[in-house]
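Colleague: this is a predicted model, with the sequence first.
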Amino acid sequence: MSLPFLIEAQAGPARLGRISTAHGEVETPAFMPVGTAGTVKAVPQDVLEELGAQIILGNTYHLYLRPGHELVRKLGGLHRFMSWNRALLTDSGGFQVFSLSELRKVTEDGVSFRSHLDGTSHLFTPERSMEIQIALGADIVMAFDECTEHPAERERARQSMEMTLRWARRSKEYFESHKDECPWEESGHRDIGSSGHPETQNHNHLAAQPGAALPHGAQNRHAPGTPAAVHELSSPELPTTPALFGIVQGGMYGDLRRESAERTVELDFPGYAIGGLSVGESREKTMEMIANALEVLPKDKPRYVMGVGYPEEIVQYAAMGVDMMDCVLPTRAARHGLLFTSEGRMNIKNARYAQDQQPPDSKCGCRVCSRYTRAYLRHLFVSAEPLAGVLNTVHNLAFYLDTMRAVRHAIKLGDLSGMPSRSVSLA
RNA sequence: GCACAGGUGACCGAGUGGUUAAUGGUAGCAGACUGUAAAUCUGCCGCUCUUCGGAGCUACGGAGGUUCGAAUCCUCCCCUGUGCA
(Lines give C-alpha, C1' and ligand atoms only; values in the text may rest on other atoms or scores of the structure.)
Protein backbone atom coordinates (compact mmCIF):
# COMPACT_ATOMS: atom_id res chain seq x y z
CA MET A 1 0.00 0.00 0.00
CA SER A 2 2.55 2.53 1.02
CA LEU A 3 5.64 3.55 -0.81
CA PRO A 4 8.49 3.91 1.66
CA PHE A 5 10.12 7.30 1.34
CA LEU A 6 12.94 8.14 3.65
CA ILE A 7 14.31 11.66 3.87
CA GLU A 8 17.95 11.52 4.84
CA ALA A 9 19.07 15.12 4.67
CA GLN A 10 17.80 18.56 3.86
CA ALA A 11 19.27 21.79 2.58
CA GLY A 12 16.67 24.48 2.89
CA PRO A 13 13.60 23.16 1.15
CA ALA A 14 15.65 20.64 -0.82
CA ARG A 15 15.54 17.06 0.37
CA LEU A 16 17.82 14.08 -0.06
CA GLY A 17 15.65 11.01 -0.03
CA ARG A 18 15.24 7.39 -0.89
CA ILE A 19 12.18 5.73 -2.32
CA SER A 20 12.04 1.98 -1.80
CA THR A 21 10.28 0.15 -4.58
CA ALA A 22 9.90 -3.51 -5.23
CA HIS A 23 12.43 -3.01 -7.99
CA GLY A 24 15.21 -1.26 -6.17
CA GLU A 25 15.71 2.03 -4.48
CA VAL A 26 15.42 5.42 -6.07
CA GLU A 27 17.64 8.13 -4.66
CA THR A 28 16.02 11.52 -4.77
CA PRO A 29 16.01 14.13 -6.12
CA ALA A 30 15.83 11.86 -9.14
CA PHE A 31 15.77 12.45 -12.83
CA MET A 32 13.82 9.79 -14.68
CA PRO A 33 14.66 9.16 -18.33
CA VAL A 34 11.60 8.75 -20.50
CA GLY A 35 11.07 5.42 -22.18
CA THR A 36 7.70 5.92 -23.77
CA ALA A 37 7.38 2.76 -25.82
CA GLY A 38 9.19 0.41 -23.50
CA THR A 39 12.58 1.79 -24.43
CA VAL A 40 14.58 4.86 -23.58
CA LYS A 41 15.11 5.63 -27.21
CA ALA A 42 18.54 4.65 -28.49
CA VAL A 43 19.87 3.35 -25.17
CA PRO A 44 20.17 -0.29 -24.15
CA GLN A 45 19.07 -1.18 -20.67
CA ASP A 46 22.51 -2.18 -19.44
CA VAL A 47 23.85 1.23 -20.41
CA LEU A 48 21.02 2.89 -18.50
CA GLU A 49 22.09 0.88 -15.49
CA GLU A 50 25.67 1.89 -15.96
CA LEU A 51 24.61 5.52 -16.18
CA GLY A 52 22.91 5.16 -12.84
CA ALA A 53 19.29 5.41 -13.92
CA GLN A 54 17.28 3.98 -11.04
CA ILE A 55 13.85 4.57 -12.49
CA ILE A 56 12.54 5.19 -15.98
CA LEU A 57 9.14 5.98 -17.48
CA GLY A 58 6.84 4.05 -19.71
CA ASN A 59 3.66 5.28 -21.33
CA THR A 60 0.17 3.87 -21.02
CA TYR A 61 -1.14 5.14 -24.33
CA HIS A 62 1.78 3.96 -26.43
CA LEU A 63 2.13 0.54 -24.82
CA TYR A 64 -1.61 0.00 -24.94
CA LEU A 65 -1.64 0.64 -28.68
CA ARG A 66 1.48 -1.39 -29.27
CA PRO A 67 2.23 -4.10 -28.30
CA GLY A 68 -0.92 -4.02 -26.13
CA HIS A 69 -1.11 -4.12 -22.35
CA GLU A 70 -2.60 -7.61 -22.25
CA LEU A 71 0.36 -8.93 -24.17
CA VAL A 72 2.71 -7.23 -21.73
CA ARG A 73 0.78 -8.65 -18.80
CA LYS A 74 0.92 -12.09 -20.34
CA LEU A 75 4.67 -11.80 -20.77
CA GLY A 76 5.11 -10.98 -17.11
CA GLY A 77 4.70 -7.23 -17.01
CA LEU A 78 6.73 -4.35 -18.36
CA HIS A 79 9.79 -4.97 -16.19
CA ARG A 80 10.21 -8.46 -17.52
CA PHE A 81 9.09 -7.58 -21.03
CA MET A 82 11.73 -4.91 -21.43
CA SER A 83 14.35 -6.59 -19.25
CA TRP A 84 14.50 -3.78 -16.77
CA ASN A 85 14.39 -4.78 -13.15
CA ARG A 86 14.91 -1.41 -11.62
CA ALA A 87 11.97 0.84 -10.89
CA LEU A 88 9.42 1.88 -13.50
CA LEU A 89 6.80 4.59 -13.56
CA THR A 90 4.05 4.70 -16.12
CA ASP A 91 2.32 7.85 -17.21
CA SER A 92 -1.41 7.55 -17.37
CA GLY A 93 -2.08 8.67 -20.91
CA GLY A 94 -3.27 11.99 -19.53
CA PHE A 95 -0.58 13.87 -21.34
CA GLN A 96 -1.77 12.45 -24.65
CA VAL A 97 -5.06 14.19 -23.95
CA PHE A 98 -2.99 17.29 -24.36
CA SER A 99 -0.47 16.40 -27.03
CA LEU A 100 -2.81 14.54 -29.37
CA SER A 101 -5.15 17.49 -29.47
CA GLU A 102 -6.13 16.86 -33.09
CA LEU A 103 -7.03 13.26 -32.46
CA ARG A 104 -9.07 13.26 -29.27
CA LYS A 105 -12.31 14.31 -27.69
CA VAL A 106 -12.63 14.88 -23.95
CA THR A 107 -15.81 14.17 -22.03
CA GLU A 108 -16.57 13.68 -18.37
CA ASP A 109 -16.36 9.95 -18.84
CA GLY A 110 -12.91 10.07 -20.37
CA VAL A 111 -11.14 10.72 -23.61
CA SER A 112 -11.76 9.18 -26.98
CA PHE A 113 -8.65 8.96 -29.09
CA ARG A 114 -7.89 8.18 -32.64
CA SER A 115 -4.78 6.09 -32.75
CA HIS A 116 -1.91 7.94 -34.35
CA LEU A 117 -0.77 4.58 -35.67
CA ASP A 118 -3.78 3.38 -37.60
CA GLY A 119 -6.63 5.80 -36.94
CA THR A 120 -8.72 3.36 -34.91
CA SER A 121 -10.86 4.79 -32.10
CA HIS A 122 -10.18 4.12 -28.44
CA LEU A 123 -11.69 5.31 -25.18
CA PHE A 124 -9.54 6.06 -22.19
CA THR A 125 -11.22 6.54 -18.85
CA PRO A 126 -9.60 6.74 -15.43
CA GLU A 127 -10.64 3.13 -14.88
CA ARG A 128 -9.24 2.03 -18.22
CA SER A 129 -5.97 3.83 -17.58
CA MET A 130 -5.63 2.08 -14.22
CA GLU A 131 -6.46 -1.28 -15.76
CA ILE A 132 -3.77 -0.79 -18.39
CA GLN A 133 -1.17 0.49 -15.96
CA ILE A 134 -1.80 -2.35 -13.54
CA ALA A 135 -1.35 -4.77 -16.42
CA LEU A 136 1.93 -3.10 -17.29
CA GLY A 137 2.94 -3.40 -13.66
CA ALA A 138 5.06 -0.32 -13.05
CA ASP A 139 6.13 0.50 -9.50
CA ILE A 140 4.51 3.90 -9.65
CA VAL A 141 1.42 4.55 -11.72
CA MET A 142 -0.13 7.93 -12.37
CA ALA A 143 -3.71 9.05 -11.99
CA PHE A 144 -5.52 9.80 -15.23
CA ASP A 145 -5.51 13.58 -15.53
CA GLU A 146 -6.09 16.32 -18.01
CA CYS A 147 -3.02 18.42 -18.75
CA THR A 148 -4.63 21.84 -19.09
CA GLU A 149 -3.61 23.63 -22.25
CA HIS A 150 -1.87 26.99 -22.15
CA PRO A 151 -3.04 29.64 -22.24
CA ALA A 152 -6.30 28.82 -20.50
CA GLU A 153 -8.85 31.20 -19.03
CA ARG A 154 -9.28 30.93 -15.32
CA GLU A 155 -12.71 29.31 -15.60
CA ARG A 156 -11.44 26.80 -18.11
CA ALA A 157 -8.45 26.00 -15.87
CA ARG A 158 -10.79 25.53 -12.91
CA GLN A 159 -13.11 23.21 -14.81
CA SER A 160 -10.16 21.22 -16.06
CA MET A 161 -8.75 21.01 -12.54
CA GLU A 162 -12.10 19.89 -11.17
CA MET A 163 -12.33 17.14 -13.75
CA THR A 164 -8.81 16.00 -12.96
CA LEU A 165 -9.89 15.77 -9.31
CA ARG A 166 -12.94 13.70 -10.20
CA TRP A 167 -10.76 11.52 -12.40
CA ALA A 168 -8.23 11.19 -9.56
CA ARG A 169 -10.96 9.85 -7.27
CA ARG A 170 -12.10 7.39 -9.92
CA SER A 171 -8.50 6.41 -10.62
CA LYS A 172 -7.91 5.67 -6.97
CA GLU A 173 -11.12 3.72 -6.52
CA TYR A 174 -10.38 1.46 -9.43
CA PHE A 175 -6.73 1.20 -8.54
CA GLU A 176 -7.34 0.21 -4.93
CA SER A 177 -9.61 -2.63 -5.88
CA HIS A 178 -7.44 -3.97 -8.71
CA LYS A 179 -3.84 -3.22 -7.75
CA ASP A 180 -3.22 -6.81 -6.72
CA GLU A 181 -3.72 -7.86 -10.33
CA CYS A 182 -0.37 -6.53 -11.37
CA PRO A 183 1.80 -9.17 -13.00
CA TRP A 184 4.61 -9.18 -10.49
CA GLU A 185 5.81 -12.55 -9.42
CA GLU A 186 5.42 -13.70 -5.84
CA SER A 187 8.87 -12.63 -4.83
CA GLY A 188 10.72 -13.06 -8.04
CA HIS A 189 9.67 -9.66 -9.25
CA ARG A 190 13.06 -8.54 -8.21
CA ASP A 191 14.76 -10.94 -10.53
CA ILE A 192 14.24 -10.85 -14.22
CA GLY A 193 17.24 -12.88 -15.19
CA SER A 194 17.74 -16.53 -14.48
CA SER A 195 20.49 -16.15 -11.94
CA GLY A 196 18.36 -15.59 -8.91
CA HIS A 197 20.53 -12.78 -7.64
CA PRO A 198 18.60 -10.00 -6.04
CA GLU A 199 18.65 -6.64 -7.67
CA THR A 200 21.50 -4.50 -6.54
CA GLN A 201 21.95 -0.83 -6.87
CA ASN A 202 24.71 0.33 -9.06
CA HIS A 203 26.53 3.28 -7.67
CA ASN A 204 29.49 2.82 -9.83
CA HIS A 205 28.13 4.45 -12.92
CA LEU A 206 31.20 6.46 -13.69
CA ALA A 207 33.39 3.42 -13.73
CA ALA A 208 33.14 3.00 -17.47
CA GLN A 209 36.52 3.19 -19.06
CA PRO A 210 37.30 4.08 -22.62
CA GLY A 211 37.02 0.97 -24.62
CA ALA A 212 35.30 -1.01 -21.93
CA ALA A 213 32.92 -3.49 -23.44
CA LEU A 214 29.29 -3.19 -22.51
CA PRO A 215 28.21 -5.80 -20.08
CA HIS A 216 25.69 -8.05 -21.68
CA GLY A 217 23.55 -10.96 -20.75
CA ALA A 218 21.15 -11.30 -17.91
CA GLN A 219 23.71 -12.44 -15.41
CA ASN A 220 26.02 -9.61 -16.19
CA ARG A 221 23.74 -6.67 -16.09
CA HIS A 222 25.56 -4.85 -13.33
CA ALA A 223 28.71 -2.93 -13.85
CA PRO A 224 31.77 -4.66 -12.55
CA GLY A 225 32.82 -3.75 -9.07
CA THR A 226 29.35 -2.94 -7.85
CA PRO A 227 29.04 -3.45 -4.15
CA ALA A 228 26.27 -5.94 -3.59
CA ALA A 229 23.07 -4.75 -2.07
CA VAL A 230 24.56 -1.90 -0.14
CA HIS A 231 21.21 -0.71 1.08
CA GLU A 232 19.62 -4.03 1.79
CA LEU A 233 19.92 -3.75 5.53
CA SER A 234 18.38 -0.34 5.81
CA SER A 235 15.52 -1.06 3.41
CA PRO A 236 12.08 -0.97 4.92
CA GLU A 237 9.49 -3.50 3.95
CA LEU A 238 9.08 -3.36 0.22
CA PRO A 239 5.83 -2.69 -1.59
CA THR A 240 3.95 -5.67 -2.93
CA THR A 241 1.78 -3.66 -5.31
CA PRO A 242 2.28 -0.57 -7.43
CA ALA A 243 1.72 2.85 -5.88
CA LEU A 244 -0.64 5.42 -7.36
CA PHE A 245 0.31 9.11 -7.49
CA GLY A 246 -2.18 11.94 -7.75
CA ILE A 247 -1.58 14.89 -10.05
CA VAL A 248 -1.98 18.59 -9.30
CA GLN A 249 -3.33 20.77 -12.09
CA GLY A 250 -4.76 24.29 -12.02
CA GLY A 251 -3.35 26.00 -15.08
CA MET A 252 -1.27 29.08 -14.39
CA TYR A 253 -3.27 30.24 -11.38
CA GLY A 254 -1.50 29.99 -8.06
CA ASP A 255 -4.66 29.73 -5.99
CA LEU A 256 -6.00 27.00 -8.24
CA ARG A 257 -2.71 25.18 -7.91
CA ARG A 258 -2.98 25.34 -4.13
CA GLU A 259 -6.60 24.27 -4.17
CA SER A 260 -5.81 21.44 -6.54
CA ALA A 261 -2.99 20.32 -4.28
CA GLU A 262 -5.15 20.51 -1.15
CA ARG A 263 -7.98 18.55 -2.65
CA THR A 264 -5.67 15.98 -4.22
CA VAL A 265 -3.99 15.48 -0.86
CA GLU A 266 -7.41 14.90 0.69
CA LEU A 267 -7.71 11.90 -1.60
CA ASP A 268 -4.54 10.58 0.05
CA PHE A 269 -1.91 9.28 -2.33
CA PRO A 270 1.54 7.93 -1.49
CA GLY A 271 3.07 10.59 -3.73
CA TYR A 272 2.04 13.66 -5.67
CA ALA A 273 2.85 15.00 -9.07
CA ILE A 274 2.61 18.52 -10.38
CA GLY A 275 1.47 18.39 -13.96
CA GLY A 276 0.52 20.80 -16.69
CA LEU A 277 3.79 22.71 -16.67
CA SER A 278 6.26 23.61 -19.38
CA VAL A 279 3.42 23.96 -21.81
CA GLY A 280 4.50 27.36 -23.11
CA GLU A 281 4.53 29.53 -20.01
CA SER A 282 7.56 31.48 -18.77
CA ARG A 283 10.08 29.82 -16.47
CA GLU A 284 9.15 32.25 -13.72
CA LYS A 285 5.56 31.13 -14.03
CA THR A 286 6.59 27.49 -13.92
CA MET A 287 8.49 28.08 -10.70
CA GLU A 288 5.65 30.07 -9.23
CA MET A 289 3.22 27.23 -9.92
CA ILE A 290 5.60 24.65 -8.48
CA ALA A 291 6.13 26.79 -5.40
CA ASN A 292 2.39 27.12 -4.88
CA ALA A 293 1.85 23.40 -5.07
CA LEU A 294 4.84 22.56 -2.89
CA GLU A 295 3.50 24.82 -0.18
CA VAL A 296 0.56 22.50 0.19
CA LEU A 297 1.91 19.07 -0.70
CA PRO A 298 2.96 16.95 2.32
CA LYS A 299 6.64 17.08 3.03
CA ASP A 300 6.89 13.42 3.90
CA LYS A 301 5.75 12.21 0.48
CA PRO A 302 7.59 12.24 -2.84
CA ARG A 303 6.76 15.21 -5.02
CA TYR A 304 7.16 14.84 -8.73
CA VAL A 305 7.16 17.60 -11.34
CA MET A 306 6.17 16.09 -14.63
CA GLY A 307 7.85 16.86 -17.90
CA VAL A 308 10.74 19.12 -16.89
CA GLY A 309 13.24 20.46 -17.77
CA TYR A 310 16.57 21.91 -18.91
CA PRO A 311 19.55 20.99 -16.70
CA GLU A 312 19.55 24.29 -14.85
CA GLU A 313 15.81 24.00 -14.37
CA ILE A 314 15.88 20.58 -12.76
CA VAL A 315 18.58 21.83 -10.40
CA GLN A 316 16.39 24.74 -9.40
CA TYR A 317 13.30 22.63 -8.93
CA ALA A 318 15.25 20.15 -6.81
CA ALA A 319 16.48 23.07 -4.74
CA MET A 320 12.86 24.07 -4.22
CA GLY A 321 12.03 20.67 -2.78
CA VAL A 322 11.03 18.60 -5.80
CA ASP A 323 11.98 14.94 -5.52
CA MET A 324 11.32 13.53 -8.96
CA MET A 325 11.36 14.85 -12.50
CA ASP A 326 11.20 13.40 -15.96
CA CYS A 327 11.71 14.93 -19.36
CA VAL A 328 12.12 13.86 -22.96
CA LEU A 329 14.49 16.72 -23.54
CA PRO A 330 17.84 14.97 -23.00
CA THR A 331 16.83 12.04 -25.20
CA ARG A 332 14.98 13.90 -27.92
CA ALA A 333 17.44 16.76 -28.14
CA ALA A 334 20.26 14.22 -28.36
CA ARG A 335 18.68 12.61 -31.39
CA HIS A 336 18.39 16.07 -32.88
CA GLY A 337 22.05 16.85 -32.27
CA LEU A 338 21.80 19.01 -29.16
CA LEU A 339 24.18 18.12 -26.35
CA PHE A 340 24.04 19.45 -22.81
CA THR A 341 27.42 20.14 -21.30
CA SER A 342 28.98 21.93 -18.37
CA GLU A 343 29.66 24.79 -20.80
CA GLY A 344 26.05 25.05 -21.90
CA ARG A 345 24.32 23.73 -24.98
CA MET A 346 26.19 22.44 -27.96
CA ASN A 347 24.69 21.75 -31.35
CA ILE A 348 27.03 19.03 -32.46
CA LYS A 349 26.07 19.39 -36.11
CA ASN A 350 27.58 22.87 -36.32
CA ALA A 351 30.39 23.20 -38.84
CA ARG A 352 32.72 24.58 -36.20
CA TYR A 353 33.07 21.12 -34.66
CA ALA A 354 34.18 19.47 -37.89
CA GLN A 355 37.81 19.32 -36.78
CA ASP A 356 37.32 19.66 -33.05
CA GLN A 357 39.24 16.92 -31.29
CA GLN A 358 37.97 17.69 -27.81
CA PRO A 359 35.44 15.50 -26.09
CA PRO A 360 31.89 16.89 -26.07
CA ASP A 361 32.35 17.95 -22.44
CA SER A 362 35.81 17.93 -20.95
CA LYS A 363 34.36 17.86 -17.45
CA CYS A 364 32.19 14.83 -18.14
CA GLY A 365 33.42 11.34 -17.36
CA CYS A 366 30.79 9.45 -19.33
CA ARG A 367 31.75 6.71 -21.72
CA VAL A 368 31.09 8.99 -24.67
CA CYS A 369 33.16 11.90 -23.44
CA SER A 370 35.98 9.64 -22.40
CA ARG A 371 36.26 8.06 -25.81
CA TYR A 372 34.95 10.19 -28.68
CA THR A 373 35.65 13.61 -30.16
CA ARG A 374 33.26 16.31 -31.20
CA ALA A 375 34.51 15.91 -34.76
CA TYR A 376 33.52 12.26 -34.76
CA LEU A 377 30.14 12.87 -33.17
CA ARG A 378 29.47 15.58 -35.73
CA HIS A 379 30.43 13.25 -38.52
CA LEU A 380 28.10 10.57 -37.21
CA PHE A 381 25.25 13.02 -36.93
CA VAL A 382 25.78 14.60 -40.33
CA SER A 383 25.99 11.13 -41.83
CA ALA A 384 22.73 10.17 -40.13
CA GLU A 385 24.41 7.19 -38.55
CA PRO A 386 22.28 5.50 -35.88
CA LEU A 387 25.25 5.58 -33.52
CA ALA A 388 24.95 9.38 -33.44
CA GLY A 389 21.63 9.15 -31.64
CA VAL A 390 22.96 6.49 -29.32
CA LEU A 391 26.10 8.33 -28.27
CA ASN A 392 24.40 11.71 -28.02
CA THR A 393 21.66 10.24 -25.87
CA VAL A 394 24.07 8.39 -23.63
CA HIS A 395 25.97 11.59 -23.02
CA ASN A 396 22.90 13.71 -22.36
CA LEU A 397 21.49 11.19 -19.94
CA ALA A 398 24.87 10.92 -18.23
CA PHE A 399 24.88 14.70 -17.92
CA TYR A 400 21.39 14.80 -16.45
CA LEU A 401 21.96 11.91 -14.09
CA ASP A 402 25.34 13.29 -13.01
CA THR A 403 23.69 16.66 -12.43
CA MET A 404 21.15 15.06 -10.13
CA ARG A 405 23.88 13.12 -8.40
CA ALA A 406 25.73 16.37 -7.77
CA VAL A 407 22.52 17.90 -6.42
CA ARG A 408 22.09 15.02 -4.02
CA HIS A 409 25.67 15.38 -2.91
CA ALA A 410 25.20 19.09 -2.34
CA ILE A 411 22.07 18.48 -0.27
CA LYS A 412 23.97 15.97 1.80
CA LEU A 413 26.56 18.65 2.47
CA GLY A 414 23.75 21.06 3.22
CA ASP A 415 24.81 23.57 0.62
CA LEU A 416 23.32 23.92 -2.84
CA SER A 417 24.92 27.26 -3.56
CA GLY A 418 27.60 25.75 -5.75
CA MET A 419 25.16 24.16 -8.14
CA PRO A 420 25.14 25.57 -11.63
CA SER A 421 21.54 26.70 -11.55
CA ARG A 422 22.16 29.63 -13.80
CA SER A 423 19.30 32.03 -13.66
CA VAL A 424 16.76 30.86 -16.15
CA SER A 425 16.31 33.25 -19.00
CA LEU A 426 13.02 34.30 -20.42
CA ALA A 427 12.70 33.52 -24.07
C1' G B 1 31.74 10.34 -90.24
C1' C B 2 26.22 9.57 -90.07
C1' A B 3 21.53 9.19 -87.03
C1' C B 4 19.00 10.07 -82.79
C1' A B 5 18.89 12.14 -77.61
C1' G B 6 20.85 15.79 -74.59
C1' G B 7 23.64 20.20 -72.34
C1' U B 8 19.44 24.52 -66.37
C1' G B 9 22.15 27.44 -60.33
C1' A B 10 27.42 22.74 -55.72
C1' C B 11 24.78 17.91 -57.58
C1' C B 12 20.28 15.47 -59.52
C1' G B 13 16.24 17.36 -62.05
C1' A B 14 11.36 20.46 -63.61
C1' G B 15 10.21 24.33 -66.86
C1' U B 16 9.78 24.71 -73.46
C1' G B 17 7.95 32.81 -75.63
C1' G B 18 6.18 37.05 -70.66
C1' U B 19 3.36 36.72 -63.44
C1' U B 20 11.17 33.01 -63.75
C1' A B 21 16.52 34.54 -59.60
C1' A B 22 14.01 30.15 -62.19
C1' U B 23 9.17 23.97 -59.21
C1' G B 24 11.13 19.54 -56.55
C1' G B 25 14.91 16.73 -54.34
C1' U B 26 19.98 16.25 -52.42
C1' A B 27 24.15 18.48 -50.34
C1' G B 28 25.40 22.92 -47.38
C1' C B 29 24.48 26.71 -43.25
C1' A B 30 21.74 27.97 -38.95
C1' G B 31 17.63 27.53 -35.46
C1' A B 32 13.81 25.01 -32.49
C1' C B 33 12.88 20.90 -29.17
C1' U B 34 10.51 20.46 -21.61
C1' G B 35 4.74 13.84 -18.32
C1' U B 36 7.74 11.63 -26.95
C1' A B 37 2.31 11.19 -33.25
C1' A B 38 9.66 13.90 -33.06
C1' A B 39 16.60 9.93 -35.75
C1' U B 40 11.45 15.42 -36.18
C1' C B 41 10.23 20.34 -37.56
C1' U B 42 11.51 25.49 -39.25
C1' G B 43 14.41 29.22 -41.80
C1' C B 44 18.37 30.49 -45.29
C1' C B 45 20.67 28.65 -49.61
C1' G B 46 23.56 33.30 -57.52
C1' C B 47 26.40 38.11 -56.30
C1' U B 48 26.42 43.17 -53.97
C1' C B 49 24.08 46.75 -51.05
C1' U B 50 19.63 47.57 -47.49
C1' U B 51 16.56 52.42 -43.17
C1' C B 52 15.00 44.63 -43.77
C1' G B 53 9.90 47.42 -47.03
C1' G B 54 13.39 46.59 -50.70
C1' A B 55 17.26 48.08 -54.53
C1' G B 56 20.92 46.91 -58.23
C1' C B 57 23.76 43.36 -60.99
C1' U B 58 24.73 38.55 -63.31
C1' A B 59 22.51 33.92 -64.83
C1' C B 60 19.76 28.22 -67.97
C1' G B 61 27.03 25.12 -72.94
C1' G B 62 29.27 29.44 -76.42
C1' A B 63 28.49 33.26 -80.15
C1' G B 64 25.09 35.64 -83.09
C1' G B 65 19.86 36.44 -84.49
C1' U B 66 14.12 36.82 -84.35
C1' U B 67 10.83 39.45 -80.81
C1' C B 68 8.18 44.86 -77.09
C1' G B 69 10.00 40.48 -74.30
C1' A B 70 14.08 34.31 -74.89
C1' A B 71 16.26 29.11 -70.35
C1' U B 72 12.27 28.52 -73.88
C1' C B 73 12.13 30.05 -81.31
C1' C B 74 16.21 30.30 -85.51
C1' U B 75 21.61 29.82 -87.25
C1' C B 76 26.52 28.34 -86.49
C1' C B 77 30.05 26.39 -83.08
C1' C B 78 31.60 23.40 -78.71
C1' C B 79 30.65 19.27 -75.58
C1' U B 80 28.15 14.54 -73.64
C1' G B 81 25.39 9.85 -74.24
C1' U B 82 23.40 5.89 -77.28
C1' G B 83 23.15 3.41 -81.97
C1' C B 84 25.15 2.60 -86.97
C1' A B 85 29.50 2.67 -89.84
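Modeller: Structure's in. What do you need? Keep in mind that this is a model prediction, so the values were computed, not measured.
Colleague: what ranges do the strands span in the stretch 251-400 of chain A?
Modeller: In the stretch 251-400 of chain A, the strands defined using DSSP state E, counting those that start in this stretch lie at A:272-274, A:303-305, A:324-327, A:338-341, A:344-347.
Colleague: dump the residue contacts of the residue located most distally from the centre of chain A.
Modeller: The outermost residue of chain A relative to its centre, with distances by Cα atoms, centre = their mean, is A:Gln355 at 35.6 Å. Applying Cβ atoms under 8 Å, 6 or more residues apart in numbering to A:Gln355 gives the contacts A:Ala375. C-beta here means a position set from N, CA and C on the backbone, and glycine is covered the same way.
Colleague: related to what we said a few turns ago, next, format the strands of the stretch 251-400 of chain A as TSV and append mean pLDDT and mean neighbour count.
Modeller: Listed next are the strands of the stretch 251-400 of chain A as TSV, based on pLDDT from 0 to 100; neighbours: other Cβ atoms under 10 Å:
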stretch	mean pLDDT	mean neighbour count
strand A:272-274	98	28
strand A:303-305	98	27
strand A:324-327	98	25
strand A:338-341	98	22
strand A:344-347	96	14
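Colleague: now whichever residue of the stretch 301-427 of chain A sits closest to RNA strand B. Nearest residue, chain neighbours left out?
Modeller: Using Cβ to the nearest atom of the strand, A:Gly307 is the residue of the stretch 301-427 of chain A that sits closest to RNA strand B, at 2.5 Å. Counting by Cβ to Cβ, 6 or more residues apart in numbering, A:Ser278 is the residue found nearest to A:Gly307 once chain neighbours are left out, at 5.3 Å.
Colleague: that neighbour: how many residues sit nearby?
Modeller: 18 (other Cβ atoms under 10 Å).
Colleague: one step back: burial count for the residue of the stretch 301-427 of chain A closest to RNA strand B?
Modeller: By the criterion of other Cβ under 10 Å, A:Gly307 has 21 neighbours.
Colleague: buried residues, stretch A:85-103. List them.
Modeller: A:85-98, A:100 (16 or more other Cβ atoms under 10 Å).
Colleague: one more: stretch A:238-253?
Modeller: A:238-239, A:241-253.
Colleague: just stretch A:262-280 next, same as before
Modeller: Residues of stretch A:262-280 classed as buried: A:263-265, A:267, A:269-279 (neighbour count, 16+ other Cβ under 10 Å).
Colleague: swap in stretch A:396-413?
Modeller: Neighbour-count burial for stretch A:396-413, counted by 16+ other Cβ under 10 Å, picks out A:396-405, A:407-408, A:410-411.
Colleague: now stretch A:118-126
Modeller: Here stretch A:118-126 shows A:His122, A:Phe124, A:Thr125, A:Pro126 as buried, counting by 16+ other Cβ under 10 Å.
Colleague: just the terminal-to-terminal distance for it.
Modeller: Between the opening and closing residues of stretch A:118-126 there is a gap of 23 Å (Cα to Cα, to the nearest Å).
Colleague: pLDDT of it, averaged?
Modeller: Summarised as a single mean, pLDDT over stretch A:118-126 is 94.
Colleague: tell me the residues of the stretch 101-250 of chain A that contact RNA strand B?
Modeller: A:Glu102, A:Leu103, A:His116, A:Met142, A:Asp145, A:Cys147, A:Ile247 (Cβ under 7 Å from any atom of the strand).
Colleague: in the sheet, who's paired with the closest residue in space to the second one that isn't next to it in sequence?
Modeller: Spatially, and ignoring its direct neighbours in sequence, A:Leu103 is nearest to A:Arg114 (4.2 Å; Cβ to Cβ, 6+ apart). Counting by DSSP bridges, A:Arg114 is bridged to A:Ser121.
Colleague: now do A:Arg114 against A:Ser121, distance only.
Modeller: 6 Å (Cβ to Cβ, to the nearest Å).
Colleague: just checking, A:Glu27 is part of a helix?
Modeller: No - counting by DSSP: H, G, I helix; E, B strand; the rest coil, A:Glu27 is located in no helix; its state is strand.
Colleague: low-confidence ranges in the stretch 201-350 of chain A?
Modeller: Scanning the stretch 201-350 of chain A for pLDDT under 70 picks out A:201-235.
Colleague: what does the stretch 1-150 of chain A give?
Modeller: For the stretch 1-150 of chain A, the stretches flagged by pLDDT under 70 are A:1.
Colleague: please consider this matter closed, and thank you.
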